[in-house]
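Chemist: Here's my sequence, what's the structure:
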Amino acid sequence: MKNNELYQSKIRVLCGSGVGVIYTRTREPFRAIEALQEYAFTKDLPFNLWNIRDGWITRLPSDDPDSTPSKEEILDPFSAMKWILGVGGGAAKDKGIFVMHALHPWLNKQQHPGIIECLRHYVRDMSELPRVRLIIVNPETENLPEELSHDIPIQDFDLPNSDERRDILQYVIESSTPPNEEVPKMFTDSEYDQLVAGSGGMTQMECEVSYSKAIVENKPEEGDWHNISFDSYNGTVLNQKTEVVKQSDILELMSPVDISEVGGLDRIKQWAEIAKDAFTEEAKAAGVDTPKGISAIGPPGTGKTLFGKAVANIFGMPLIRFDISRVFGSLVGQSEGNTRSAVNQIKAMAPCVVLVDEVDKGLGGAHNSSGDSGVSKRVLQILLTEMQEATEDIFWMFTANRHEGLDPALLRKGRMDEVFAVLPPNREEREAVLRIHLKKRKCDPENIKDLNFAIDASKGFVSAELEAAVSEAKKHSFHTKVKMSGALIADMLGQMKPISVAFADDFNGMLTWAEHNAQPASSTLEEEANPKSIEKAKRPRRRSVATK
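Modeler: From the prediction side, this is the model:
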């Protein structure tokens, strides 16, 4: 079912249930208003629309497309609201769907006590008038004032779903077809599916602009206008989507990475491979639960974010970074509104992987958020509720550098599919990490002398520190013309103080917590580092290494 049809059916239920006042949040107010007009006419009711520019505009249900709407230029919102039921003079309307558009400045930013009190009365008055209903259409980030939140139900109008985006794509192609020409089928069915999926999260207008721009930019100068490369067309659509997502300032489309770029973490990799199969239609038909998400907790630099990027590659889904710190605003309700807006856009882009990185920085006080009047707690609750109730294929991955202060819901299995502790790599993993970063810098690990020396010397270092050591050794090698070696990498490590030492108390606390509260992301391997190698790596850089 298309979203406008679904919205109308829900409005029909609410109106039929005696609900007099309804609140709608949306990024597409004009589509919502069109859907409400269609609903009014199916009920043979007048449709009345108010906005600050025109006042009231009334359209009657009629088959005559040239019928002229009547106008009441009541621009003051309080007077316009009283006009509906004739409060303070004038005739009360006995039937009609009344829509007030963009009323939020008088509900939230500069609350108008008369409007709020009038709505409180209308909730009761209109429930007794079966053919009079008031619907307020506001931006999706705007909430009802606390005084009205328990009296007025909310029915949101969502972004276009895949069926609607397919219609938009077809409409654009038809509109681009010259008169008297047959509408072409430009791509294969699977390519059409890919284009429709790629435009998820856009409004109707954004979809139209995206599809139209792709035709204008990519049509050949000569030959058939519709002879456009799919890759070029799709590339333009995806570029447009990237720009749309950037506008939110909260979400960001990221490029997934291949799992081969992640060293170690074998247990969490194995979990992801098993979870991948649960997204298939066969798994759903067999009653397999679709994975909702995981938490990865561990010190900075252990590869949590990198693994999040690799999960999207394993699942074959787009990767969206959710910057939780950017949802918080200074106005009452703004943070929750921003969160809902971002979640609605994510749902429209499903299937996808959502990476909520360093959640401890944004929601570290959610468990005890009295200092921010409970805003962090409410933001987290919106995310967890969406995880629990969403029917779309959305996989959430939360990462945190610290476990202290995090809400227990992020730290227990049940709400999350799994909670993993991502700790500094063991010996086998350190070798894998060093080899990955050597290859990235055009060094063949097989030709690196005494690589085992660096592996032993790196015990207690996190993956990011190993990468930094390889990077510095490569610079040093290029400058001095000294060959890359395990000793050179160990020298670079010797100039660092690993976080396991610099923050020993926090690090040991994390180890203790992980042992009792989370699954290890890596297999536990017995290892014995060479004490001489470690001691040697801690010495100042030797003159013999720095010269030819």
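Chemist: Check the spacing between the residue lying closest to Leu148 once chain neighbours are set aside and Phe78 real quick.
Modeler: Spatial nearest neighbour of Leu148, excluding adjacent residues (CB to CB, 6 or more residues apart in numbering): Leu119 at 5.9 Å. The C-beta positions use only the backbone N, C-alpha and C, and glycine is treated the same way. Between Leu119 and Phe78 the distance is 11 Å, computed by CB to CB, to the nearest Å.
Chemist: Who has more neighbours out of the two?
Modeler: Taking neighbours as other CB atoms under 10 Å, Leu119 and Phe78 compare with Leu119 leading, 24 against 17.
Chemist: my guess is that one is in a helix, correct?
Modeler: Yes: assessed with DSSP: H, G, I helix; E, B strand; the rest coil, Leu119 lies in a helix.
Chemist: now the helices for the stretch 51-200 of the chain?
Modeler: Listed in chain order, the helices of the stretch 51-200 of the chain (DSSP state H, counting those that start in this stretch) span residues 77-84, 104, 113-127, 162-176, 189-198.
Chemist: Output the contacting helices and strands for the second one.
Modeler: Spelled out, that is helix 104. Applying 3 or more CB pairs under 8 Å, 6 or more residues apart in numbering; DSSP states H and E, we find helix 104 packed against no helix or strand.
Chemist: List of residues touching it?
Modeler: Helix 104 is contacted from outside by 138-139, 142, using CB atoms under 8 Å, 6 or more residues apart in numbering.
Chemist: need those in JSON lines with neighbour count, can you?
Modeler: Shown next, in JSON lines, are these (neighbours: other CB atoms under 10 Å):
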{"residue": "Asn138", "neighbour count": "22"}
{"residue": "Pro139", "neighbour count": "13"}
{"residue": "Glu142", "neighbour count": "22"}
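Chemist: pLDDT value on Arg542, please?
Modeler: pLDDT recorded at Arg542 is 44.
Chemist: Run through the stretch 251-400 of the chain and note the low-pLDDT ranges.
Modeler: Along the stretch 251-400 of the chain, the model assigns pLDDT under 70 to residues 330, 332, 364-373.
Chemist: got the residue ranges for the helices in it?
Modeler: Under DSSP H, counting those that start in this stretch, the stretch 251-400 of the chain gives helices at 266-277, 281-285, 304-315, 334-349, 359-363, 375-389.
Chemist: Give me the contact list for the third one.
Modeler: Under the contact criterion CB under 8 Å, 6+ apart, helix 304-315 has outside partners 254-259, 261-262, 265, 268-269, 272-273, 275-276, 279, 296, 298, 318-319, 351-353, 355, 357, 395, 397, 399, 422, 463, 521.
Chemist: quick one, what contacts Cys118?
Modeler: Residues counted as contacts of Cys118 (CB under 8 Å, 6+ apart) are 78, 81-82, 87.
Chemist: go with 7 Å
Modeler: 81-82 (CB atoms under 7 Å, 6 or more residues apart in numbering).
Chemist: closest to Glu243 out of the helices of the stretch 51-200 of the chain?
Modeler: The minimum distance between Glu243 and the helices of the stretch 51-200 of the chain falls on helix 189-198, with 13.2 Å, by CB to CB.
Chemist: And that closest one, what does it pack against?
Modeler: With contacts taken as 3 or more CB pairs under 7 Å, 6 or more residues apart in numbering; DSSP states H and E, helix 189-198 sits against helix 162-176, helix 230-247.
Chemist: could you redo the ones you listed as a markdown table and give each row distance to Val99?
Modeler: Formatted as a markdown table, the helices and strands packed on helix 189-198 follow (distance: least, CB to CB, whole Å):
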| stretch | distance to Val99 |
| --- | --- |
| helix 162-176 | 21 |
| helix 230-247 | 27 |
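Chemist: which stretch among the ones you listed comes nearest Val183?
Modeler: For the helices and strands packed on helix 189-198, the distance to Val183 is smallest for helix 162-176, at 5.2 Å, taking CB to CB.
Chemist: I'd like the distance between Ala283 and Ile115.
Modeler: 51 Å.
Chemist: how many neighbours does the closest residue to Gln37 other than its chain neighbours have?
Modeler: Using CB to CB, 6+ apart and skipping the chain neighbours, the partner closest in space to Gln37 is Phe47 (4.6 Å). For Phe47, the count of nearby residues is 22 (other CB under 10 Å).
Chemist: Also Asn180?
Modeler: Other residues within reach of Asn180, judged by other CB under 10 Å, total 5.
Chemist: How about the backbone phi and psi for it?
Modeler: Dihedral angles of Asn180 (phi, psi; degrees, to the nearest 10) stand at phi 70, psi 10.
Chemist: how close does Val102 sit to Glu429?
Modeler: To be clear, residue 102 is Ala; Val isn't right here. Computed as CB to CB, the Ala102 to Glu429 distance reads 55 Å.
Chemist: Neighbour count for these two, which is higher?
Modeler: Between Ala102 and Glu429, counted using other CB under 10 Å, Glu429 has the larger neighbour count: 24 against 17.
Chemist: Mind pulling up the pLDDT for that one?
Modeler: Glu429 is given a pLDDT of 93.
Chemist: That one is in contact with Ala521, isn't it?
Modeler: No: applying CB atoms under 7 Å as the test, Glu429 and Ala521 come out as separate, 9.8 Å apart.
Chemist: Now mean neighbour count, distance to Glu467 and mean pLDDT too, for the helices and strands packed on helix 189-198, in TSV please.
Modeler: Listed next are the helices and strands packed on helix 189-198 as TSV, based on neighbours: other CB atoms under 10 Å; distance: least, CB to CB, whole Å; pLDDT from 0 to 100:
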stretch	mean neighbour count	distance to Glu467	mean pLDDT
helix 162-176	17	40	94
helix 230-247	16	27	91
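Chemist: Out of the ones you listed, which is closest to Gln345?
Modeler: Nearest to Gln345 among these is helix 230-247 (7.4 Å), distances taken as CB to CB.
Chemist: Arg427 contacts Ile455, doesn't it?
Modeler: Yes: with contact defined as CB under 7 Å, Arg427 and Ile455 form a contacting pair (6.2 Å).
Chemist: More neighbours: the two, which one.
Modeler: Set Arg427 next to Ile455 and count neighbours by other CB under 10 Å: Ile455 wins out with 26 against 17.
Chemist: Would you indicate which residues of the helix or strand hosting that one are buried?
Modeler: With elements taken from DSSP states H and E, the one containing Ile455 is helix 451-457. Under the neighbour-count criterion of 16 or more other CB atoms under 10 Å, helix 451-457 has 451, 453-457 buried.
Chemist: repeat for stretch 264-284
Modeler: By neighbour count, with 16+ other CB under 10 Å as the criterion, the buried positions of stretch 264-284 are 264-269, 271-272, 275-276, 278-279.
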